[in-house]
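>>> Mind looking at a prediction? Sequence and model below.
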Amino acid sequence: MAQNYAHGNYSHTQKKARNSGGGRTPVDRARRTLSQNFLVDRHAVDLMVKAAGPEGLVLEPGPGEGALTLALAEAGAQVVGYEVDPRLAGRLASRTRSDPRIDIVRRDFTTVRAPREPFAVVGNIPYSITSKIVDWCLRAPALTSATLLTQREYARKRAGGYGRWSLVTVESWPWFSWKLGDTIGRESFRPVPSVDSAILRIQRRPEPLVGGGRSYQELVEVGFGGVGGSVRASLKARYDGVDTALAAAGVSRDAVVGHVHPDQWITLWGRLCR
């Protein structure tokens, strides 16, 4: 699982206003265009830092006004923040110019190549491009962890909080663990978004849980293909011995794919692909 992608614009986004009224300042327009909702609650910042456990090199997508940036540096990280908004980038760069722990780069994070050395990503990211940020993190070969402040619904979905598991989580499970962290209320941001957020922690495992990455991903893709309405029906179209494998994994014959736990997929791979 390796490539180098990224995405710019890194704060929360509110629902778009139904009416485009006049009288907005350039700052107001920038906040709308760039989905800027800044983290202003110190307790929320502390929760992010605690969850991240920052050390070494940390990339921060869209540091904005720098509340999290400064806290990460104070916790011992070497922070490189990529800010696409020239006004904010200039202000934060000026503010931190004498701090050797912080480097603010005026650049769209989507154009940034992932470092070759081990690094983490920590950031308050926008709802609208959360999936793109997560995808970039999963594809970065040297990423050790990503601690992301996302829409709470997204974080719960990816961490199995609804009792269902998504393709993204299952497909990456042999390499990454997913954990739902603290809820951060909408009142912790300015402007205030329309929904609450939560901390999503993605951490690379010390050793992969499978020995054949591509064969595992193919298995999962077939299972999520939706043939016949159950994971059994989908897998039987491609693999032999499916019923025996399902029994070994503790998966019922009529189970829908979203209800199969990622650990059960590891067992299925061991039975069907080795």
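Received, thanks.

>>> Now for this protein, the helix or strand with the poorest mean pLDDT.
helix 26-33 (a mean of 45; mean pLDDT, DSSP states H and E).

>>> Centre of the chain to the helix or strand following that one, how far?
Toward the C-terminus, helix 26-33 is succeeded by strand 38-39 as the next helix or strand (DSSP states H and E). Here strand 38-39 is found 18 Å from its chain centre; the criterion is CA atoms, centre = their mean, to the nearest Å.

>>> Can you give the contact residues for strand 38-39?
Applying CB atoms under 8 Å, 6 or more residues apart in numbering, the external contacts of strand 38-39 come out as 11, 45, 48, 64-65, 67-68, 124, 149, 184, 188-190. Bear in mind the C-beta positions are built from the backbone N, C-alpha and C, glycine included.

>>> just the strands in the stretch 1-150 of the chain please.
38-39, 56-61, 77-83, 102-106, 119-124, 143-151 (DSSP state E, counting those that start in this stretch).

>>> any chance you could map the helices in the stretch 101-250 of the chain?
Along the stretch 101-250 of the chain, the segments classed as helices by DSSP state H, counting those that start in this stretch run 130-139, 152-158, 167-172, 213-223, 231-236, 242-249.

>>> one step back: looking at the contacts of strand 38-39, spot the one nearest residue 237.
Nearest to residue 237, judged by CB to CB, of those is residue 149 at 40.1 Å.

>>> tell me the contacts of the closest one?
Per CB under 8 Å, 6+ apart, neighbours of residue 149: 12, 39, 48, 123-125, 184, 197-200.

>>> Rebuild the residues you listed as JSON lines, extending it with distance to residue 143.
Listed next are the contacts of residue 149 as JSON lines, based on distance: CB to CB, whole Å:
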{"residue": "12", "distance to residue 143": "22"}
{"residue": "39", "distance to residue 143": "22"}
{"residue": "48", "distance to residue 143": "17"}
{"residue": "123", "distance to residue 143": "13"}
{"residue": "124", "distance to residue 143": "18"}
{"residue": "125", "distance to residue 143": "15"}
{"residue": "184", "distance to residue 143": "23"}
{"residue": "197", "distance to residue 143": "22"}
{"residue": "198", "distance to residue 143": "20"}
{"residue": "199", "distance to residue 143": "17"}
{"residue": "200", "distance to residue 143": "14"}
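
>>> Make JSON lines out of those residues and add distance to residue 89 and neighbour count.
What follows is those, written out as JSON lines (distance: CB to CB, whole Å; neighbours: other CB atoms under 10 Å):
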{"residue": "12", "distance to residue 89": "18", "neighbour count": "28"}
{"residue": "39", "distance to residue 89": "17", "neighbour count": "23"}
{"residue": "48", "distance to residue 89": "21", "neighbour count": "25"}
{"residue": "123", "distance to residue 89": "15", "neighbour count": "29"}
{"residue": "124", "distance to residue 89": "16", "neighbour count": "29"}
{"residue": "125", "distance to residue 89": "17", "neighbour count": "30"}
{"residue": "184", "distance to residue 89": "24", "neighbour count": "24"}
{"residue": "197", "distance to residue 89": "23", "neighbour count": "28"}
{"residue": "198", "distance to residue 89": "27", "neighbour count": "20"}
{"residue": "199", "distance to residue 89": "25", "neighbour count": "24"}
{"residue": "200", "distance to residue 89": "26", "neighbour count": "26"}
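
>>> next one: stretch 84-96 to chain centre, how far?
Distance, centroid of stretch 84-96 to centroid of chain: 24 Å (CA atoms, centre = their mean).

>>> what is the mean pLDDT for it?
For stretch 84-96, mean pLDDT is 96.

>>> Also stretch 257-274?
Averaging pLDDT along stretch 257-274 gives 96.

>>> Mind listing residues that contact that stretch?
Residues contacting stretch 257-274 (CB under 8 Å, 6+ apart): 160, 163-166, 169-170, 173-174, 209-212, 215-216, 219-220, 223-224, 226, 230-231, 234-235, 239-242, 244-246, 248-251.
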